[in-house]
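**Q** sequence and predicted structure below; questions after.
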Amino acid sequence: MRQAAFIYDKQVSQHVVRTDHVMRPTRLQFTYELLEAYGAFKLPNSRLVAPRHATAEELRIFHTPRYVEAVQRFSRGEGLEEQGEYNFADDGDNPVYPGMYEAACLAVGGTLVAVDEVRSGRARVAFNVAGGYHHAASEYASGFCIFNDIAVAVHHLVKQGLRVAYIDIDAHHGDGLQDAFYGSDRVLKISLHETGRYLFPGTGQVEEIGTGPGLGYSVNLPLAPHTTDDTYLWAFDQVVPELIECFKPDLLVTQLGTDTHYKDPLTHLCLTAQGYAEVVKRLAALDRPWVAVGGGGYEMSVVPRTWTLAYGAMLGVDWPDEIPHEYWEKYGISLLRDAEGPNIDPAVSAAARRTAEDSVAHLKRLVFPFHRV
Ligand SMILES: [Zn+2]
């Protein structure tokens, strides 16, 4: 039985990015409440563990001192005339808000706690649902991300001499992580995402395969809008298990953004909740020490369900489909899995399949030779 830890405390869901901002931290609270309603924290192989704030020193393993200090100042409402230098803007993706330094440090600290849980052997898998800020760069904010909890954690792991496989299933390309380790063969970076032709951040083409010693260690699998469960899972199976088998990582780090769902308002991939759960089951089947973090997901009727399914996959539990009554009464969600899927024209679906086949074939030609697959 796999020992699992869920990293959460209600303070991770208390801040407001901006009242009309699509990133709503309450989605974390709704996820926690749904898991609790299912009794997830009473299972013998499950523990609820509180996050902590990362220190400025811990952040500086990836972020520049200048950026860390700027975020501290902006968080106190000072020096705001410089915010544009770091890609903050009141009406943009990355608004400054009071207490943002502490909120961002808690997201990073939660991922470091997850790392500790797994490294100590207390858990085989630890899930920091409040992490997953894969777009943040060393010196600027990007795509709702202030500090890159994943890059900070992976730097700490690499410093300990470990080989890390990073798998990113968010609908958006994991550009911040890729950039942070683009020249490294210690970190295998795999991202499945909607093609940057239509979606932020615009990167993540198959040809981005790394540089120097890192050549072949950035693996990008762009998918077309309207890609459904069957095509997504097929593409995943073609690429991920073999690369992981060859790379033999000491540790798996996965970004589990759930904005691939067909109801997500920001993206155009068309997975169902159960399709997403299948992907997480495949990650579990890779059977490595595993640090999991959250990520995107902007449809409030979807995110608690998909992350509940994800934690179930970590625990090895298939939750019953009927959502416990008290949760249903409070939030009006009655079924855990989707009763209906997306309605997609078969010609569009077939075109999405061809795009996936092209991406996979191209990627196998460019990347697999580096791994002697
Ligand atoms: Zn995303």
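**A** Here it is on my side, so go on.
**Q** get me the contact residues on the chain for the ion.
**A** 170, 171, 172, 257, 259, 296 (Cβ under 5 Å from the ion). Every C-beta, even on glycine, is put in place using the N, C-alpha and C of the backbone.
**Q** of the residues you listed, just say which sits nearest to the ion.
**A** residue 296 (2.6 Å; Cβ to the ion).
**Q** that closest one in helix, strand or coil?
**A** coil (DSSP: H, G, I helix; E, B strand; the rest coil).
**Q** for it, phi and psi?
**A** Taking degrees, to the nearest 10, you get phi -70, psi 170 for the backbone angles of residue 296.
**Q** go ahead and confirm it touches residue 265.
**A** No. Checked against Cβ atoms under 8 Å, the pair residue 296 and residue 265 is beyond contact range at 10.9 Å.
**Q** which helices and strands sit right next to the helix or strand containing residue 305?
**A** Using DSSP states H and E, residue 305 maps to helix 303-315. When contacts are defined as 3 or more Cβ pairs under 8 Å, 6 or more residues apart in numbering; DSSP states H and E, helix 303-315 packs onto strand 4-7, helix 26-37, strand 125-128, helix 273-285, strand 290-293.
**Q** emit the ChimeraX select command for whichever of the residues of the chain next to the ion are buried.
**A** In ChimeraX syntax, the buried subset of the residues of the chain next to the ion is picked out as below (16 or more other Cβ atoms under 10 Å):
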select :170,171,172,257,259,296
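**Q** with just CA atoms, put the helix or strand just after the helix holding residue 305 into PDB.
**A** Under the assignment DSSP H and E, the closest C-terminal helix or strand after helix 303-315 is helix 325-331. C-alpha atoms of helix 325-331 as PDB (Å, rounded to 0.1, in the frame of the first residue of the first chain):
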ATOM      1  CA  HIS A 325     -24.200  14.300   0.800                       C
ATOM      2  CA  GLU A 326     -23.000  17.200   2.900                       C
ATOM      3  CA  TYR A 327     -20.600  18.300   0.100                       C
ATOM      4  CA  TRP A 328     -23.300  18.000  -2.500                       C
ATOM      5  CA  GLU A 329     -25.700  20.100  -0.400                       C
ATOM      6  CA  LYS A 330     -23.000  22.800   0.100                       C
ATOM      7  CA  TYR A 331     -21.600  23.100  -3.500                       C
END
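**Q** buried set for helix 325-331?
**A** For helix 325-331, by 16+ other Cβ under 10 Å, it's 327, 331.
**Q** one more: stretch 173-183?
**A** Neighbour-count burial for stretch 173-183, with 16+ other Cβ under 10 Å as criterion, is recorded at 173, 174, 175, 176, 177, 178, 179, 180, 181, 182.
**Q** now for these: which two are most distant?
**A** For the buried residues of stretch 173-183, the maximum inter-member distance is 14.3 Å, found between 173 and 181 (Cβ to Cβ).
**Q** in this structure, which spans are strands?
**A** Applying DSSP state E to the chain gives strands spanning 4-7, 46-49, 125-128, 164-168, 187-194, 218-223, 251-255, 290-293.
**Q** returning to what we had before: go through the buried residues of stretch 173-183 and flag which are in helices.
**A** Using DSSP state H, the subset of those located in helices is 175, 176, 177, 178, 179, 180.
**Q** which among those residues gets closest to residue 123?
**A** Nearest to residue 123 out of these is residue 177 (Cβ to Cβ; 22.2 Å).
**Q** let me know the pLDDT of the closest one.
**A** As summarised for this prediction, residue 177 has a pLDDT of 98.
**Q** residue 166 is in contact with that one, correct?
**A** Yes. Using Cβ under 8 Å, residue 177 makes contact with residue 166 at a distance of 5.8 Å.
**Q** residues shared between the contacts of these two?
**A** Common neighbours of residue 177 and residue 166 (criterion: Cβ atoms under 8 Å, 6 or more residues apart in numbering): 150, 154, 189, 255.
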